[in-house]
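In: quick one, structure for this:
(2 chains)
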Amino acid sequence: MASPAAERGLARFINIPGGMSAEEAVSRADANIVFYREPAFAAIDEALRELCTECRREAALMRAPHIAERACAIVNFAGPFKLEAIGAAAASLAKLAHEIAQHGAVSPLAVHAIQLHVQALHALRGAPAPDPARDELLIDGLVKISARALARS
Amino acid sequence: MPAHDDHPITFNFAKAAVAMIDPSPLCLEVMTGILAGYGFRKLHRCADLPAGTDLVKVRPIDLILIDPYPFGEVAYDFVRWLRSDQRNGNSASPIVIVTAQTCVRLITAARQCGADYVIVKPFSTAGLLERILWVAESDGRRGELIAPTDLVSTAGSGVELW
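Out: Coordinates of the predicted model:
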């Protein structure tokens, strides 16, 4: 059986000898995951391919839970590898697809919203460099179309 | 970062044990790399809830990170079970939900099951550390879900949790 509950939590590891700073920790974390960059990007691309396939289905055959799960797979890796816009777009799609899955039916507007998200993800993934102003507009647009699609479902 | 400008926070997580529960092997590898960078050396990876259950029964754990979405409702059952098992020394360990799904229903489920915090994906390596340090400094505030009060659109989109 594990030791007493009083010896749990992280507070006792703060400001003790041998500590590192946040800056050093982040630098080390970033260095540690460089090795996983290629497989993470491959996982993102695979998820995106599956989303594109899903978008080609008829609305009645579109699998919202699967779309949500694939979008989450993109979100998982976008953050640590500094793909901010891709992460935000995928998170928006994950939420949209999850809400649609809860309601059961995929409306025409919801289909359109999903397709726009996937097109945006494809464009962001293929962009040569981030463009913060463009990306912010894009994400804002996706959030708005999601809200409209869900309001009418 | 949760630090005073004159005295930056330092930490030494070498003796802290963290459990990560996620079905994706690559996610677990990436998370392991990140947490190892923060200084954690006792890293326990669990690909499913039975593995997580077995782990917390036998190992002292100082932080549990779990993404409940891949597992469904049973993930919240796991948290509920751990909180209720007073014989288990880990019953009061900090449990952090790490998720991309922030709709009202799921945040409510996180609150009701006994989780302490919600960290929203996607997060950067700097962002995750900031949240973990916040968890560490909030150790005294246990038993309530810590999240901003200005939740949450019913559409479940555009929510800015931390």
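In: how far off centre is stretch A:113-133?
Out: On the basis of Cα atoms, centre = their mean, to the nearest Å, stretch A:113-133 sits 13 Å off its chain's mean C-alpha point.
In: any chance you could list what contacts that stretch?
Out: A:44-45, A:48, A:51-52, A:54-55, A:62, A:67, A:71, A:74, A:83-86, A:89-90, A:92-93, A:96-97, A:100, A:106, A:135, A:138, A:141-142, A:145-146, A:148-149 (Cβ atoms under 8 Å, 6 or more residues apart in numbering or on different chains). For glycine as for every other residue, the C-beta is placed from the backbone atoms N, C-alpha and C.
In: buried residues in it?
Out: For stretch A:113-133, burial by neighbour count (16 or more other Cβ atoms under 10 Å in any protein chain shown) applies to A:113-118, A:120-122, A:124-125.
In: so can I have a markdown table of the residues you listed showing secondary structure and pLDDT?
Out: Shown next, in a markdown table, are those (DSSP: H, G, I helix; E, B strand; the rest coil; pLDDT from 0 to 100):
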| residue | secondary structure | pLDDT |
| --- | --- | --- |
| A:113 | helix | 95 |
| A:114 | helix | 95 |
| A:115 | helix | 95 |
| A:116 | helix | 96 |
| A:117 | helix | 97 |
| A:118 | helix | 97 |
| A:120 | helix | 97 |
| A:121 | helix | 97 |
| A:122 | helix | 96 |
| A:124 | helix | 96 |
| A:125 | helix | 96 |
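In: ok so, going back, restricted to strands, list the contacts of stretch A:113-133.
Out: Using DSSP state E, no member of those falls in strands.
In: pick out the residue nearest the middle of chain A.
Out: Geometric centre of chain A, nearest residue: residue A:75, 2.0 Å, by Cα atoms, centre = their mean.
In: confidence score at the residue lying closest to that residue once chain neighbours are set aside?
Out: Nearest residue to residue A:75, sequence neighbours excluded (Cβ to Cβ, 6 or more residues apart in numbering or on different chains): residue B:100, at 4.2 Å. pLDDT recorded at residue B:100 is 89.
In: show me what contacts residue B:100?
Out: A:71-72, A:75-76, A:90-91, A:94-95, B:69, B:120-122.
In: and it, its phi and psi?
Out: phi -90, psi -10 (degrees, to the nearest 10).
In: can you give me the strands in chain B?
Out: Under DSSP E, chain B gives strands at B:10-11, B:17-21, B:42-46, B:63-66, B:95-99, B:117-120.
In: and the first one, does that touch chain A?
Out: Yes: with Cβ under 8 Å from any Cβ of the partner chain as the threshold, strand B:10-11 lies in contact with chain A, specifically through B:10-11.
In: output the contacting helices and strands for that strand.
Out: strand A:20-21 (3 or more Cβ pairs under 8 Å, 6 or more residues apart in numbering or on different chains; DSSP states H and E).
In: residues making contact with the strand it packs on?
Out: A:28, B:8-12, B:39.
In: which of those has the most neighbours?
Out: Neighbour counts for the contacts of strand A:20-21 (other Cβ atoms under 10 Å in any protein chain shown) peak at residue B:11, which has 24 neighbours.
In: any idea what it is bridged to?
Out: residue A:14, residue A:20 (DSSP bridges).
In: pLDDT score for it?
Out: 96.
In: ok, it to residue B:63 distance?
Out: Residue B:11 sits 12 Å away from residue B:63, going by Cβ to Cβ, to the nearest Å.
In: where do the helices sit along the chain?
Out: As the question left the chain open, I've gone with chain A. Ranges of helices in chain A, per DSSP state H, are A:22-33, A:37-55, A:64-78, A:84-103, A:108-126, A:132-151.
In: that's the wrong chain, I wanted chain B
Out: Counting by DSSP H, the helices of chain B are B:25-38, B:49-58, B:73-84, B:104-113, B:125-137.
In: mean confidence for stretch A:90-109?
Out: 89.
In: and residue A:79, its phi and psi?
Out: Torsion angles, degrees, to the nearest 10, at residue A:79: phi -60, psi -60.
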